[in-house]
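> Quick one: sequence plus predicted model below, questions after.
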Amino acid sequence: MNRRDFCASAAALGIASASAGAAPGPVDADTQLTALLNQLYATALAESPELVSQLGIDSGARVKSKSMLHQASLAARDRRRAITRAEVAALRRIDRTRLSPRAAIDYDAILYDRDTIDRANRQFAYGTEIVGAPYVISQIDGAYCGIPEFLSSQHTIAVAGDCDAYLSRLTEFARLMDEEGERVRHDAAVGAIPPDFAIQGALAQTKLLRVGADQSSLVTMFASRATQAGIAGDWAGRASDVYTRRVLPALDRQVALLETLLPKASPEPGVWRLPDGEAYYAQALRNLTSTDLPAEEIHRIGLDLTRDLQAQAEAQFARLGMTKGSLADRFNALFHDPKELYPDSDQGRADEIAALNTLVVAMQKKLPAYFGTLPKAPLEIRRISAETEAGQSTHYTPGSLDGTRPGVYWLNMREMAEVPFFDMPTTTFHEGVPGHHLQISLQNQADLPDARKILLFNGYVEGWALYAEQLALEMGFFEGHPSWQLGYLHDALLRAGRLVTDTGMHAKHWSRAKAEVVLHETVGDPLALCRQEIERYACWPGQACGYMVGKISILNARERARRSLGERFDIRRFHDAVLLSGALPLTVLDSKIDMFVRDEQSRR
């Protein structure tokens, strides 16, 4: 599931009529909320055919969704804005004081999400439906970089009908790119143009996609999958025809559009330069951290954490006898240590992935001592496709709702010099288990309303994954591996540096060059990697702050529960309390843990 989107909810008319047409007589508040959440879920599926496939429910009554992609036109945007407005009104008509404790948690989570989006919709005329994604197309945003991966990993191929549906979606891909172009032109007219480096990155990647049909993975991978499934037919020829007639011209139109924008673009990375940009950043921080922390406070937290983590790293390097040069110099030396690098070949990539799979198996054996509930969905580690790896970071996509399709930890291996092994255990714990894969899989398994299962809060989701890194340390996975411990500290420093550089660019008007240097001096990564990170933060303001803010919130909640419960504190039950309630705004998570403590205190 795209972690940046909750894929909008129920149609405005459906909600309005449901509220107005309730049966006479008193209605239990929990029943009202359940009915409303069911409506939100139903229309979320109608609005996002991709979500239907991601959840693995694109068959039977929903099989038409498998031939479709979402609508991205201005008219569709306006329709979804009206939907969100109606959802907020419908939620506010429910008397929260009459809800059961569990239903109140569901209510608070949904209302926080919908209200945050509605506030932004009313204030800003540009950007995507996600508060904190101001550019419809950039080096990290747009159908051109999301749909190819979606089609290869989420669109299943088992029968001839699946192949026909794929061809329909290939046509839809072209339509979607054109609709996004309409949005880009609209936003440019109101003064919201991506930075020049974001446009350059999108141009380069769009041109990379624009190859002959016989070289495009949209054709070749699809044809290979059909063959492997034993489905007869000229699928390569049919896909080549759609690709040549529809997709290539749409890619050409996107290239032409971006080239017209480039001379108008600014090198400034911060959203402060956009219309009402300072307010936009404040809203982005509220959405993507799910707190009310101001940028100045987040910046200060980042500086304080950096100093503390750098002191820990200095001590660890000293234990290894590495005392010469700056901290960044020593991390850089470790980054380039031949002992940490696999060969820059297909076999080298396969060998590193195999080593990480071994690590995953070892972690899975230890999970029962720390978690009362375990994920059913399998986990796979795959390399990001060469066509899109230039702009994509390592990330995770969830498995199907029923756990039959695996979750995938996507690893960017464009250059093996960028994935030294000392840093990879921490990354694997973050993206896989006990990080994203465990958390999102348990959310899918949990006894939650369907509308809650598809709701992800950045501060919680990324905060949990960062907490999972520390949990792996506490579980002993770094013992005997001093370079892995430095990898853990490196990644913690990266997240502290994100607090500093994200707020630096968007609130303090830092240049891209200054942010790159600050991040490089913090973590020692090559400038090229720091540049990729900084360019991502520029186009996704606030998102990078969710990691450390979320981790701190979860650690504070754990310590509060431990102090309150003393010897009765059970880490397995605490983790179940955090995870089986689904993703929550961090403020709501605090309420949930307070409830957990009261329940534990009442147990005999």
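In hand now; what should we look at? Numbers count the residues shown, from 1 in each chain.
> Mind listing what's buried along stretch 545-556?
For stretch 545-556, burial by neighbour count (16 or more other CB atoms under 10 Å) applies to 545-554. Yep, even glycine has a C-beta here, placed from its N, CA and C like the rest.
> Check stretch 206-216 too.
Neighbour-count burial for stretch 206-216 flags 206, 209-211, 213, 216 (criterion: 16+ other CB under 10 Å).
> Which members of those residues occur in strands, if any?
Under the assignment DSSP state E, the buried residues of stretch 206-216 contribute nothing to strands.
> does residue 150 sit in a helix or strand, and which one?
Using DSSP states H and E, residue 150 sits within helix 143-153.
> returning to that earlier point: which ones among the buried residues of stretch 206-216 are found in helices?
Among these, DSSP state H puts 206, 209 in helices.
> Please go through the protein and pick out the longest helix.
Ranked by residue count and defined by DSSP H, the top helix of the chain is helix 160-189.
> And it, what does it pack against?
Contacts defined by 3 or more CB pairs under 8 Å, 6 or more residues apart in numbering; DSSP states H and E place helix 160-189 against helix 74-92, helix 143-153, helix 217-228, helix 235-242, helix 248-261.
> Mind doing that once more with 6 Å?
Using 3 or more CB pairs under 6 Å, 6 or more residues apart in numbering; DSSP states H and E as the contact test, the elements touching helix 160-189 are helix 143-153, helix 235-242, helix 248-261.
> okay if I get these as a markdown table plus mean neighbour count and distance to residue 136?
Putting the helices and strands packed on helix 160-189 into a markdown table (neighbours: other CB atoms under 10 Å; distance: least, CB to CB, whole Å) gives the following:
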| stretch | mean neighbour count | distance to residue 136 |
| --- | --- | --- |
| helix 143-153 | 20 | 9 |
| helix 235-242 | 18 | 24 |
| helix 248-261 | 17 | 11 |
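> From residue 68, how far out is the nearest residue to residue 242 once chain neighbours are set aside?
With CB to CB, 6 or more residues apart in numbering as the criterion, residue 242 has its nearest non-adjacent residue at 4.7 Å, and that residue is residue 170. According to CB to CB, to the nearest Å, residue 170 and residue 68 sit 12 Å apart.
> Looking at these two, which is more packed in?
Neighbour tally, residue 170 and residue 68, criterion other CB atoms under 10 Å: the higher count belongs to residue 170, 22 against 17.
> Please verify my assumption that that one contacts residue 244.
No - the pair residue 170 / residue 244 is not scored as a contact, 10.7 Å apart, by CB atoms under 6 Å.
> Mean confidence (pLDDT) on the helix holding residue 150, please.
With pLDDT averaged residue by residue, helix 143-153 scores 94.
> distance between that helix and the chain's centre?
With CA atoms, centre = their mean, to the nearest Å as the basis, helix 143-153 stands 15 Å off its chain's centre.
> Tabulate the CA atom coordinates of it in CSV.
Coordinates of each C-alpha in helix 143-153 appear next as CSV, following Å, rounded to 0.1, in the frame of the first residue of the first chain:
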residue,chain,number,x,y,z
ALA,A,143,1.9,7.7,-12.2
TYR,A,144,5.0,7.2,-14.3
CYS,A,145,7.0,6.0,-11.3
GLY,A,146,4.2,4.3,-9.3
ILE,A,147,2.1,2.4,-11.8
PRO,A,148,4.9,0.3,-13.4
GLU,A,149,5.8,-1.1,-10.0
PHE,A,150,2.2,-1.5,-9.1
LEU,A,151,1.4,-3.5,-12.2
SER,A,152,4.4,-5.8,-11.7
SER,A,153,3.9,-6.5,-8.0
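> where does this protein dip in pLDDT?
Along the chain, the model assigns pLDDT under 70 to residues 1-27, 391, 604.
> Got the domain ranges for it?
1-123, 282-548 (automatic domain parsing).
> of all the ones you listed, which lies closest to residue 253?
When the domains of the chain are compared by CB to CB, domain 1-123 sits nearest residue 253, at 14.2 Å.
> Any idea how far that closest one is from the middle of the chain?
Put simply, domain 1-123 sits 20 Å off its chain's centre (CA atoms, centre = their mean).
> Also stretch 385-405?
10 Å.
> so how far does stretch 271-278 reach from one end to the other?
With CA to CA, to the nearest Å as the measure, stretch 271-278 spans 7 Å from end to end.
> My error: substitute stretch 558-577 in the last question.
OK, stretch 558-577 end separation, CA to CA: 11 Å.
> Please point out which parts of it sit buried.
Neighbour counts over stretch 558-577 (16+ other CB under 10 Å) mark 558, 561, 564-565, 571, 573-577 as buried.
> ok, and what's touching it?
The contact list for stretch 558-577 (CB atoms under 6 Å, 6 or more residues apart in numbering) reads 370-373, 593, 596-597, 600.
> tally of neighbours for the residue nearest to residue 414 when sequence neighbours are not counted?
The shortest distance from residue 414 to any non-neighbouring residue, by CB to CB, 6+ apart, is to residue 389 (4.4 Å). Number of residues near residue 389 (other CB under 10 Å) recorded here: 19.
> Could you check how far residue 389 is from residue 103?
With distances taken as CB to CB, residue 389 is found 44 Å from residue 103.
> thinking again about what came up before, packing partners for the helix holding residue 150?
Secondary-structure packing of helix 143-153 (3+ CB pairs under 6 Å, 6+ apart): helix 160-189.
> now the angle between helix 143-153 and the helix it packs on, please.
Interaxial angle, helix 160-189 versus helix 143-153 (axes from the mean of the first three to the mean of the last three CA atoms, to 10 degrees): 160 degrees.
> That concludes my questions; thank you for your assistance.
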